[in-house]
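Student: whatever this is, show me its structure:
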Amino acid sequence: MGVAAVAHVPGAHVPHVVQHPTHPGVPRATERDAGPWPPYSPCGPDCLPPQARPARLRSARRAAALLTVVGAAVLTLPLVAPFGRRATGVAMRHVFRAVLGAAGIRLRVTGGSSFADEGGVLVVANHLSWIDVLALGAVQPVRMVAKREVGDWPVVGRVAARSGALFVDRTGLRALPGVVAETAAALRAGAVVGVFPEGTTWCGSAAGPFRRAVFQAAVDSGAPVRPVTLDLRAADGRPTTAAAFVGDETLAASLRRVLALDGLVCELTLHPVLRPGPGADRRTLAAQARQAVTGARVRALRAVPAAGERVEESAGEESAGEERAGEGRADREGADGERAGAAPGPAGDTAVAA
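Tutor: So this is what the prediction gives:
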């Protein structure tokens, strides 16, 4: 993907636009209607593929399996809680894998089998869908940094709270130093903390700038940062936006579309950890993490797994066969989200703009 050639007309304002395969382009942060501060994604309905023929039987079967898993989790997790956070984390990992399998989603993990063998680590990943949280939790127990509203969601909020989620009020800046301090404390205590630095979901054909505030927690605690690339692929290995959760779509609508898909693979690529050295700062860490995450994802978009490649972890019941987004200016003029309050993202957005 490259920058579109725009004919220059003397005296006319020519917006900076980056070409995108599924929508017209991404304006500079300073040219957005809401300004450069709130989490921003140009992705919406136009990024999604045409609606496929309804697969009612498949959807019904998966929905029934999903309800069974969720119901079992709601009943059993309270029984595990008295045994401590470690036992709860192991149980949550099995729950996340079961949910992915029930929804027909296969999980492929490359680059390692866990985010950290011991000690705290900050896991940072691109954000495509509600599937991302399940995929990360299926690899290893992760305390996600999430917007406060997620805690009020039926079932999801209770599960998030039991997994140790760090809830953030992102309507203003007053709570931000406390969030950074709480995240740093969790990292010092040896927790694996996950965050989506884009602050909102993108469809996967392009990526947003990484907000830097949460990286301060890694600097303060001296914890390593583990960049992770998330990719969603069709059953035949081709990249797809069909499972992206973008725009104003509801969680129910997104779930219905995913349950009807003829197989879906969620691929996680674990990159080498970044260790804050003496004099490290959040700007450098954020830039290095984004380069690792988005660089690998651009390469992955062009690659299709070999026919015999093994798909492991959470297998569904069926096996059917970057842009920079104007981030240069945004990085200098407000990608932090630290100078002004971060407004809520899409309706179902689970990320925090920290």
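Student: buried sites along stretch 41-59?
Tutor: For stretch 41-59, the neighbour count (16 or more other CB atoms under 10 Å) marks 41-44, 47-48, 58-59 as buried. Heads up, the C-betas are built off the backbone N, CA and C, glycines and all.
Student: quick one: mean pLDDT for it?
Tutor: The average of the pLDDT scores along stretch 41-59 is 82.
Student: from one end of it to the other, what's the distance?
Tutor: Between the opening and closing residues of stretch 41-59 there is a gap of 29 Å (CA to CA, to the nearest Å).
Student: try stretch 75-93
Tutor: Across its full length, stretch 75-93 reaches 16 Å between end residues, using CA to CA.
Student: quick one: residues contacting residue 268.
Tutor: When the contact criterion is CB atoms under 8 Å, 6 or more residues apart in numbering, the partners of residue 268 are 107-111, 125, 135-136, 139, 228-230.
Student: quick revisit: closest to residue 235 among the buried residues of stretch 41-59?
Tutor: Among the buried residues of stretch 41-59, residue 58 lies closest to residue 235 (CB to CB), at 12.2 Å.
Student: and residue 124, what's its pLDDT?
Tutor: Turning to residue 124, the model gives it a pLDDT of 96.
Student: same question, residue 273
Tutor: For residue 273, the model assigns a pLDDT of 94.
Student: contacting residues around it?
Tutor: Contacts of residue 273 were listed using CB under 8 Å, 6+ apart, and they are 116, 121, 224-226.
Student: now the host helix or strand of residue 160: mean pLDDT?
Tutor: Following DSSP states H and E, the helix or strand that holds residue 160 is helix 156-162. On average, the pLDDT along helix 156-162 is 71.
Student: separation between residue 198 and residue 124?
Tutor: 10 Å (CB to CB, to the nearest Å).
Student: need the residues touching each of those two.
Tutor: With contacts defined as CB under 8 Å, 6+ apart, the residues adjacent to both residue 198 and residue 124 are residue 210.
Student: doesn't residue 134 lie inside a helix?
Tutor: Yes - counting by DSSP: H, G, I helix; E, B strand; the rest coil, residue 134 is part of a helix.
Student: excluding chain neighbours, what is closest to it?
Tutor: The shortest distance from residue 134 to any residue other than its chain neighbours is 4.7 Å, reached at residue 96 (CB to CB, 6 or more residues apart in numbering).
Student: right, and the one you found touches residue 130 too?
Tutor: No - in this structure, residue 96 is not within contact of residue 130 by CB atoms under 8 Å, at 11.7 Å.
Student: who has more neighbours, those two?
Tutor: residue 96 (25 against 18; other CB atoms under 10 Å).
Student: the strand or helix carrying residue 257 - contacts with which helices or strands?
Tutor: Using DSSP H and E, residue 257 sits in helix 251-259. Applying 3 or more CB pairs under 8 Å, 6 or more residues apart in numbering; DSSP states H and E, one finds that helix 251-259 makes contact with helix 56-80.
Student: give me the buried positions along the helix it packs on.
Tutor: By neighbour count on 16+ other CB under 10 Å, the buried set for helix 56-80 is 58-59, 61-63, 65-66, 69-70, 73, 77, 80.
Student: next helix or strand past that helix?
Tutor: Toward the C-terminus, helix 56-80 is succeeded by helix 85-102 as the next helix or strand (DSSP H and E).
Student: and the angle from the helix or strand that that next one is followed by to helix 85-102?
Tutor: Counting by DSSP H and E, the next helix or strand C-terminal to helix 85-102 is strand 105-110. Strand 105-110 and helix 85-102 are oriented at 120 degrees to each other (axes from the mean of the first three to the mean of the last three CA atoms, to 10 degrees).
Student: can you select the buried ones among the contacts of residue 268 for me in PyMOL?
Tutor: Typed into PyMOL, the line below selects the buried ones among these, using 16+ other CB under 10 Å:
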select buried, resi 107+108+109+125+135+136+139+228+229+230
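Student: before we move on, the earlier item: include distance to residue 237 when you put the buried residues of helix 56-80 into a markdown table, please.
Tutor: As requested, the buried residues of helix 56-80 are arranged in a markdown table below (distance: CB to CB, whole Å):
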| residue | distance to residue 237 |
| --- | --- |
| 58 | 20 |
| 59 | 23 |
| 61 | 24 |
| 62 | 21 |
| 63 | 26 |
| 65 | 24 |
| 66 | 24 |
| 69 | 26 |
| 70 | 29 |
| 73 | 31 |
| 77 | 35 |
| 80 | 37 |
